[in-house]
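In: pasting a predicted model and its sequence here:
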Amino acid sequence: MTLPRRLLGAIARLRIKPRIQSNARHFFSTDAVSHPSNRVQVYISRTSDPYLNLSIEHFLLQKSPPDSVVLFLYTNRPCVVIGRNQNPWVEVNLGLLKHSNGIVNSRDGKEEEGEVLLVRRRSGGGTVFHDSGNVNYSVICPPASFDRNKHAAMVVRALNSLGVSGARVNERHDIVLDVPDSGVEKKQTFKISGSAYKLTRLRSLHHGTCLLSSPNLPLVGPLLRSPAAPYIKARGVESVRSPIRNVGVTDTAAFEKAVVAEFGAMYGNMDPEVIEAEEAEEVLDNTPIVLKGYTELKSPEWIYTQTPQFTFSTHPTDEDPRPRPPLPDDLPTDFRATMTIRHGQVTDVSGTIPLASLNLTYLHHVTNWQSKVGNEPVGKWLNSLFGVGNMG
């Protein structure tokens, strides 16, 4: 395979710096990141903590010079990441996150221990799944240079340099892969990368995913399909669902190198600084702004109470006339319930069984709905919808 001539020099000069020893001066510091001379900055994080990677990213957005460009690459442990204005009870099967779900670690093929993390990022956009077969890219630049397609196209060129054909940026600014359908002239199109954005007065951020070699694709659909969604009318942003697939690149380091080379071809070659996992922890301990962001992202208040107002109703209403799925046979035949939830807290509730005790309750504080509603079948059903307690 012949690489484009303009990339040969960039790749030849590209060096991934080795791990920085603990007694060496760390480049990654507030002073270094914010120094006016650092007009082009490139970082690759080796921590798999999604809360920490997003907090480092936010730190770069806040502290890098206004006229600089920054590339940040990172890979997270299995997690579901929702957008700033999304509703986790609509977007995610919360029960499947917390219980045995078959998610595997793509590095060793073994089933991942513990729950799949739920993360709410600071940018908009839809819900995505991350694991170690999914590399994330983030580009921070001046608002005047911001373009929703420019850096997605950068990633497409990186994929092309690795021999991937059929990748392109679509009209929604996502990266898709056109794949010939055997026996059919028309090609099938799959989403391989979604993007989200955050704009401030001085800076703009575009970050996205790239599905390279995730072994968990069959499980993404169930994870991102909430059983409560048919009963909820939400004001927040709902995800646009698309068929997905892996690109087929198994060497994530080669992808990182190709993206760095393309970024260098656009803005000037810069050796990437590798932030090892131990150093990322030191950054967390020693950088107050990173610690503050990390603490916020991990808090249930951020994850759940940032949710825009929504209404849960078991039957069609004037405001939400959609037909509902049939209720379980063991529920009372006349059972009805309606709840209005604002910032994750029940502000109004009515129904055919006593529900007054739910008023002012935060949904994420409920660990078992049976004790809340005083009816075992109804409680079990609500547990299954909201992913808590005994869902049997």
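Out: Good, I have the coordinates. Computed from a predicted structure; not experimentally measured.
In: which residues in the chain form helices?
Out: Using DSSP state H, the helices of the chain run over 5-13, 30-34, 50-63, 88-91, 94-98, 150-161, 217-223, 252-267, 277-286, 288-298, 300-305, 369-373, 376-386.
In: now what about the last one, what contacts it?
Out: I take that to be helix 376-386. Applying C-beta atoms under 8 Å, 6 or more residues apart in numbering, the contact partners of helix 376-386 are 89, 94-95, 226-228, 231, 327-328, 330-332, 335, 337, 353, 363, 366, 368-373, 389-392. C-betas here are computed from N, CA, C, even on glycine.
In: now list the buried members of these.
Out: The neighbour count (16 or more other C-beta atoms under 10 Å) marks 89, 94-95, 226-228, 231, 327, 331, 335, 337, 363, 366, 369-370, 372-373, 389, 391 as buried among those.
In: so who does Lys187 touch?
Out: Here Lys187 is in contact with 166, 178-181 (criterion: C-beta under 8 Å, 6+ apart).
In: of those, just the buried ones, ChimeraX syntax please.
Out: Here the buried members of these are turned into a ChimeraX selection, burial being counted by 16+ other C-beta under 10 Å:
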select :166
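In: roughly how far is stretch 212-229 from the heart of the chain?
Out: 13 Å (C-alpha atoms, centre = their mean, to the nearest Å).
In: could you tell me the end-to-end distance of it?
Out: 29 Å (C-alpha to C-alpha, to the nearest Å).
In: then stretch 76-96?
Out: 19 Å.
In: what residues sit buried inside that stretch?
Out: Here stretch 76-96 shows 76-83, 85-96 as buried, counting by 16+ other C-beta under 10 Å.
In: how about stretch 356-368?
Out: Applying a neighbour-count criterion of 16+ other C-beta under 10 Å, one finds 358, 361, 363-364, 366 buried in stretch 356-368.
In: if we can go back for a sec, where among the helices of the chain is the average confidence lowest?
Out: Of all these, mean pLDDT reaches its minimum on helix 5-13 (a mean of 47).
In: if we can go back for a sec, which one of the buried residues of stretch 356-368 is nearest Glu262?
Out: His364 (41.2 Å; C-beta to C-beta).
In: what about the nearest residue to the closest one once chain neighbours are set aside, neighbour count?
Out: The shortest distance from His364 to any non-neighbouring residue, by C-beta to C-beta, 6 or more residues apart in numbering, is to Tyr304 (4.1 Å). Burial of Tyr304 is recorded as 21 neighbouring residues (other C-beta atoms under 10 Å).
In: swap in Thr295?
Out: Neighbour number of Thr295 under other C-beta under 10 Å is 13.
In: relative to Ser45, how far out is it?
Out: For Thr295, the distance to Ser45 equals 18 Å [C-beta to C-beta, to the nearest Å].
In: picking that back up, ok, the residue nearest to His364 - contacts?
Out: Contacts of Tyr304 (C-beta under 8 Å, 6+ apart): 88, 344, 362-364.
In: what about it, distance to Val116?
Out: 16 Å.
In: pLDDT below threshold where in the protein?
Out: 1-27, 100, 106-113, 183-184, 390-392 (pLDDT under 70).
In: could you rerun that using 50?
Out: Residues of the chain meeting the criterion pLDDT under 50: 1-3, 5-13, 15-26.
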